[in-house]
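**Q** Prediction below, plus the sequence it came from.
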Amino acid sequence: MQKLERFLPGFNHVLYGKPPKTAFTQYREKLLKLRQSTLSELSSIFEGLIPLDKLSPNARGAHSRTRVYSRSVSFFGFLHQVLSPGMPCREVVRKVQSFCSEKNLPLPDSDNAAYCRARGKLDDELLDTIHTHISEKVQQRVMQNQRWKDRDVKVIDGTGITLPDTVENQKEFPQPSRQLPGCGFPVMKVVACFCLASGALLKWVETELKRHESRIMVKFIEHFRPGDVVLTDRGFSSYGNLAALWIKGVDAVMRVHQARKLDYRKGKVLRPMDRLVLWEKPACPKGWDADHWASLPATMMLRIVRIRIEVKGFRVRQYDLVTTLLDEQTYSADDLAELYFRRWAVELFFRHIKTTMGMEMLRCKTPKMVRKELRMFIIAHNLIRALMQEAASLYLCDLTRLSFKGTVDTLRQFSYAIYATKDAPQTRARIFDEMLLVIASEKVPLRENRSEPRALKKRPKPFQRLMCHRSKFKVSKSRK
């Protein structure tokens, strides 16, 4: 029978079974499994949103060799960090070590240098591709009743993010000029475009603090689609931005800039304090490309509306809006007022991603890694928004009433249970649906016309203020 092997290769395996695997073969298969694994519970939850094929090893270059910290391990380790405020790199290393211990593999080094190097090799193009894929998925899930007048509304605003005080960060993103050297922190300005219906962060631009937001808006225009409505505050209100949006076929609703003087006695009367006016193009302002400015129309027909807000117990306030929505029958003054006051949602979006998720101060020491960390926070924010969107759609509740903080906490506690039942599809599906039910039941209470000024009740510790560079700082005699 053994002689049949020469004529029928492999036939003896059918009769006698496969030969035992060598120790080297078993070790190589374990390494291959480790390389393909994400080592994260988050992958089993977001597998339909994150394109896992993009995290496969490269054919050559970075993330091409068999390493413990593969591309998928580095990505999900980074994602786990931004979803758990304050988690150090060392804890991710401990997570990998526990997995290797479970699979009877040699433990990686306890030093976090290898993980930090692998994290630094996640190129920005890959992270942008993942972000685009997630944001498109979220946009496709927006229901018709969540749109404004059957149109998509994009809201734009800017914020500042504090960075660690290193030489590289100070050079790229200088601290505010009013602060003394050595006493401040680098600040990166981020101008972001959100979807008003879903809350997803679609596009952003990072720049230094001194650059004005209005000049940055031009970079978003190419990403808008004809028929979109752009909603901003008065910091973005200018002839150039309105004209550039109008050429693209995008409408805008903005508060009139405080420097522009309005005269409601001029123009075509639509309703009281509602006029059609003709604006003329001024001289090319500083910061605009001369050729781009020359391509804008010389005049524009715009609509200005004054709205009054009267709430019992509060002062009467009035705001002047400018818009390219000229049809007063379809877009009444009340509709414009309601839309503009929904702009406040962007402040909540920034509060969620900065305060709730801990992005107020990034932790990376170089501008290259700061940009990667920012991208990971945006990806994590959009994944949370997608989870809230799925819960609202399944249990038919108002998306704007769901708690962002409650969703983050629920995800953090349910993720391990979902990951532990990955080999039991029915149990896993049941746990996932129950997680969505918990998210849908965590509603934010309605607090209309609530006023809570920003103030701290807890006093800071009575440490001495740093009023000069630390190398020149001396402790006060009274402190001794």
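**A** Cool, got the structure.
**Q** what's across from residue 305 in the sheet?
**A** Counting by DSSP bridges, residue 305 is bridged to residue 274, residue 321.
**Q** Tell me how many other residues crowd it.
**A** 26 (other C-beta atoms under 10 Å). (C-beta placed from N, C-alpha, C; glycine too.)
**Q** Isn't it up against residue 321?
**A** Yes - if you go by C-beta atoms under 8 Å, residue 305 and residue 321 touch, sitting 4.8 Å apart.
**Q** Just the residues contacting stretch 389-405, thanks.
**A** Residues from elsewhere that reach stretch 389-405 (C-beta atoms under 8 Å, 6 or more residues apart in numbering): 138, 141-143, 146, 197-199, 345, 352, 356, 384, 388, 407, 433, 436-437, 439-440, 442-444, 446.
**Q** just to revisit the earlier point, find residues that contact each of residue 305 and residue 321.
**A** 336, 337.
**Q** sorry, back to before: drop anything exposed from the contacts of stretch 389-405.
**A** When the contacts of stretch 389-405 are checked for burial by 16 or more other C-beta atoms under 10 Å, the buried set is 138, 141-142, 146, 197-199, 345, 352, 356, 384, 388, 407, 436, 439-440, 442.
**Q** Which of the residues you listed fall in helices?
**A** 138, 345, 384, 388, 407, 436, 439, 440 (DSSP state H).
**Q** separation between the residue nearest the centre of the chain and residue 135?
**A** By C-alpha atoms, centre = their mean, the chain has its centre lying nearest to residue 378, at 2.4 Å. Counting by C-beta to C-beta, to the nearest Å, the gap between residue 378 and residue 135 amounts to 9 Å.
**Q** The closest residue to residue 295 other than its chain neighbours - how many residues pack around it?
**A** Nearest residue to residue 295, sequence neighbours excluded (C-beta to C-beta, 6 or more residues apart in numbering): residue 247, at 7.8 Å. Number of residues near residue 247 (other C-beta under 10 Å) recorded here: 12.
**Q** looking at this, residue 247 is in a strand?
**A** No - Residue 247 is assigned helix when assessed by DSSP: H, G, I helix; E, B strand; the rest coil, not a strand.
**Q** and it, what pLDDT?
**A** Predicted confidence (pLDDT) for residue 247: 93.
**Q** which stretches of the stretch 201-350 of the chain form strands?
**A** Taking DSSP state E, counting those that start in this stretch to define them, one finds strands in the stretch 201-350 of the chain at 201-208, 229-232, 251-255, 268-271, 274-280, 299-309, 317-323.
**Q** just checking, what packs against the longest one?
**A** Using 3 or more C-beta pairs under 8 Å, 6 or more residues apart in numbering; DSSP states H and E as the contact test, the elements touching strand 299-309 are helix 239-248, strand 274-280, strand 317-323, helix 333-341.
**Q** I'd like to know which of those lies nearest to residue 288.
**A** helix 239-248 (6.0 Å; C-beta to C-beta).
**Q** which ones are touching the nearest residue to residue 277 once chain neighbours are set aside?
**A** Closest residue to residue 277 apart from its sequence neighbours, by C-beta to C-beta, 6+ apart: residue 267 at 3.8 Å. Residues near residue 267 by C-beta under 8 Å, 6+ apart: 275, 276, 277, 278, 304.
**Q** before we move on, the earlier item: would you mind finding the most buried of the helices and strands packed on strand 299-309?
**A** helix 239-248 (a mean of 20; mean count of other C-beta atoms under 10 Å).
**Q** Now do that one: which elements does it pack against?
**A** By 3+ C-beta pairs under 8 Å, 6+ apart, helix 239-248 packs against helix 218-221, strand 251-255, strand 299-309.
**Q** Show me the one of the ones you listed that comes nearest residue 315.
**A** Checking the helices and strands packed on helix 239-248 against residue 315 by C-beta to C-beta gives strand 299-309 as the closest, at 9.2 Å.
**Q** Residue 161 contacts residue 191, doesn't it?
**A** No - assessed by C-beta under 8 Å, residue 161 is found out of contact with residue 191, at 11.5 Å.
**Q** Look at residue 266 and say how many residues are nearby.
**A** Other residues close to residue 266 by other C-beta under 10 Å number 11.
**Q** so what's it up against?
**A** Counting by C-beta under 8 Å, 6+ apart, residue 266 has contacts 275, 277.
**Q** Model confidence for it, exactly?
**A** pLDDT, residue 266: 89.
**Q** Need phi/psi at it.
**A** Main-chain dihedrals, residue 266, degrees, to the nearest 10: phi -110, psi 160.
**Q** Kindly provide the distance from it to residue 278.
**A** 9 Å.
**Q** likewise residue 458?
**A** Distance from residue 458 to residue 278, by C-beta to C-beta: 55 Å.
**Q** What is the burial count for the closest residue to residue 235 other than its chain neighbours?
**A** Closest residue to residue 235 apart from its sequence neighbours, by C-beta to C-beta, 6+ apart: residue 213 at 5.2 Å. Residue 213 is flanked by 18 other residues according to other C-beta under 10 Å.
**Q** same deal with residue 344?
**A** The burial count for residue 344: 10, using other C-beta under 10 Å.
**Q** Ok, residue 283 next?
**A** Neighbour tally, residue 283, other C-beta under 10 Å: 5.
**Q** try the one 5 residues further on
**A** The criterion is other C-beta under 10 Å. On that basis, residue 288 has 17 neighbouring residues.
**Q** Phi and psi next, for it.
**A** phi -90, psi 150.
**Q** which residues sit in contact with it?
**A** Per C-beta under 8 Å, 6+ apart, neighbours of residue 288: 215, 240.
**Q** Same question for residue 200.
**A** Per C-beta under 8 Å, 6+ apart, neighbours of residue 200: 134, 135, 138, 139, 194, 381, 382, 385, 386.
**Q** Ok, residue 188 next?
**A** Residue 188 sits in contact with 160, 161, 163, 173, 206, 207, 208, 209, 362, 370, 374, where contact means C-beta under 8 Å, 6+ apart.
**Q** How is it assigned, secondary-structure-wise?
**A** strand.
**Q** That one and residue 167, how far apart?
**A** 15 Å.
**Q** Mind jotting down where the strands sit in the stretch 51-200 of the chain?
**A** Using DSSP E, counting those that start in this stretch, strands in the stretch 51-200 of the chain cover 153-162, 187-195.
**Q** List the buried residues of the first one.
**A** If I follow you right, that is strand 153-162. Residues of strand 153-162 classed as buried: 153, 154, 155, 156, 157, 158, 159, 161, 162 (neighbour count, 16+ other C-beta under 10 Å).
**Q** how far out from the middle of the chain is it?
**A** Computed by C-alpha atoms, centre = their mean, to the nearest Å, the chain-centroid distance of strand 153-162 equals 10 Å.
**Q** quick one, what contacts residue 250?
**A** 221, 224, 225, 226, 227, 228, 229, 230.
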